[in-house]
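> test case, fold it:
(chains A and B)
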Amino acid sequence: MKKTFSVNLGNKVYMIDEDAYTRLKEYLDRIEGYFSDQKEREDIINDIEMRLSELFAELLGSTGQVITLKDVEEVTRIMGDPREIGGEKEQTGQEETRTHYESRSGPRRFYRDPDNRIIGGVCGGIGSYFNIDPIIVRIILVVLFLTFGIGLLIYLILWIVVPEARTTAQKLEMRGDTVNASNIGKFVKDEFESVKKSFRRNK
Amino acid sequence: MDFENVKAQMRKGVLEFCILSILSKGDAYATDLLNKLKESELIVVEGTLYPLLTRQKNAGLLSYRWEESTQGPPRKYYALTDKGREVLKELEASWKGLIEAVDSIINK
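The predicted structure is shown next:
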């Protein structure tokens, strides 16, 4: 017996097995990770979801069965590897040789951290940037607020000015990891495992 | 030397040209394009088409509209813009030049 979900894919509702859903979600997340421009990413993912929906409709016929893991594998095979879709296939060779010489890390950028936030993720972002525990940043900020009364103002300004790390590429930049295919793949996998774990715990 | 890479790069350039060329003969939605490109074996996996379409659209070469479909949800039809037609003309000219140049070298 398997648990199923219902998903809306390209404006059509499908029933999908839990394992198939997990695989499909991971697949789409990996593709998303290759496109940093938000508008572009949405367009591409929408188009791909429309096509996936069509392919599933063809595969299932009119019987209205459930999408299984096998169906997802078949459809993603037709659609192709996220690396090819992301157009980074040509670069992977160079990236790999380069990482041999340089360290894995690239320049760090300051983003708000949506995964590590109490209010706006500002302290989480500062923590990531300076590689210190966000709790220390929070304590300093609270002390600044209580003694000088400027902590809140600083926080509000940073909240407005600093962008949130939305994409995988931005999250890697925030942590100071180089944005390349293998790091994105690893990050998405890690993230995914943690979501899966918390999902199981909550059940 | 990575010859797979050379082939992939060649195919990618030609693919952009062919998308514009197919659309110059009439508006199409992504699956029409895919079927034509797959017939001529220009495209291997479908997913590579979508980033190209989106980028051409953002570059002002294509526009799109939604059209109702008899089977399933509305479809996104792509059409060539005036700018797209100009770019296509340039590409056609450079394509012909390229073929002649390569032919003259290969058949010497």
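
> who's the closest spatial neighbour of the residue of chain B found nearest chain A, skipping the chain neighbours?
Relative to chain A, the nearest point of chain B is residue B:45 (2.5 Å; C-beta to the nearest C-beta). For every residue, glycine as well, the C-beta is placed using N, CA and C. Among residues not flanking residue B:45 along the chain, residue A:80 sits closest, at 2.5 Å (C-beta to C-beta, 6 or more residues apart in numbering or on different chains).

> count of neighbours near that neighbour?
18 (other C-beta atoms under 10 Å in any protein chain shown).

> ditto for residue B:3
Neighbour count for residue B:3, taken as other C-beta under 10 Å: 7.

> against residue B:9, how distant is it?
Counting by C-beta to C-beta, to the nearest Å, the gap from residue B:3 to residue B:9 is 11 Å.

> show me what contacts the nearest residue to residue A:16 once chain neighbours are set aside?
Of all residues beyond its chain neighbours, the one nearest residue A:16 is residue A:67 (4.1 Å), with distances taken as C-beta to C-beta, 6+ apart. Taking C-beta atoms under 8 Å, 6 or more residues apart in numbering or on different chains, we find residue A:67 in contact with A:14, A:15, A:16, A:17, A:20, A:24, A:56, A:60.

> got it, and residue A:53?
A:9, A:10, A:11, A:12, A:14, B:72, B:73.

> buried ones among those?
Neighbour counting over those (16 or more other C-beta atoms under 10 Å in any protein chain shown) leaves A:9, A:10, A:14, B:73 as the buried ones.

> what is the nearest of those to residue A:144?
residue A:9 (48.3 Å; C-beta to C-beta).

> pLDDT at the nearest residue to that closest one once chain neighbours are set aside, what is it?
Distances taken as C-beta to C-beta, 6+ apart place residue A:53 nearest to residue A:9, at 4.4 Å, with adjacent residues excluded. The score at residue A:53 is 91. That number is its pLDDT.

> what helix or strand is residue A:53 on?
Per DSSP states H and E: residue A:53 is located in helix A:38-60.

> who's in contact with the most centrally placed residue in chain B?
A centroid search over chain B (C-alpha atoms, centre = their mean) returns residue B:19, at 1.9 Å, as the residue closest to the centre. For residue B:19, the contact set (C-beta under 8 Å, 6+ apart) comprises B:33, B:37, B:49, B:52, B:53, B:56.

> quickly note the distance from residue B:2 to residue A:53.
Distance of residue B:2 to residue A:53, given as C-beta to C-beta: 36 Å.

> what of residue B:41?
Applying C-beta to C-beta, the value for residue B:41 to residue A:53 is 25 Å.

> name the residues of the helix holding residue A:53 that are buried.
Neighbour-count burial for helix A:38-60 flags A:41, A:43-45, A:47-57, A:59-60 (criterion: 16+ other C-beta under 10 Å).

> using CSV, write out every CA atom in that helix.
The C-alpha trace of helix A:38-60 is given here as CSV (Å, rounded to 0.1, in the frame of the first residue of the first chain):
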residue,chain,number,x,y,z
GLN,A,38,13.3,34.7,-11.1
LYS,A,39,11.1,35.6,-14.1
GLU,A,40,13.1,33.3,-16.4
ARG,A,41,13.0,30.5,-13.9
GLU,A,42,9.2,30.7,-13.5
ASP,A,43,8.6,30.8,-17.3
ILE,A,44,10.9,27.8,-17.9
ILE,A,45,9.5,25.7,-15.0
ASN,A,46,5.9,26.5,-16.1
ASP,A,47,6.6,25.5,-19.7
ILE,A,48,8.3,22.3,-18.5
GLU,A,49,5.4,21.5,-16.1
MET,A,50,2.9,22.0,-19.0
ARG,A,51,4.9,19.5,-21.1
LEU,A,52,5.3,17.0,-18.2
SER,A,53,1.5,17.2,-17.7
GLU,A,54,1.0,16.4,-21.4
LEU,A,55,3.4,13.5,-21.3
PHE,A,56,1.7,12.0,-18.2
ALA,A,57,-1.7,12.4,-19.9
GLU,A,58,-0.4,10.4,-22.8
LEU,A,59,1.2,7.8,-20.6
LEU,A,60,-1.8,7.2,-18.4
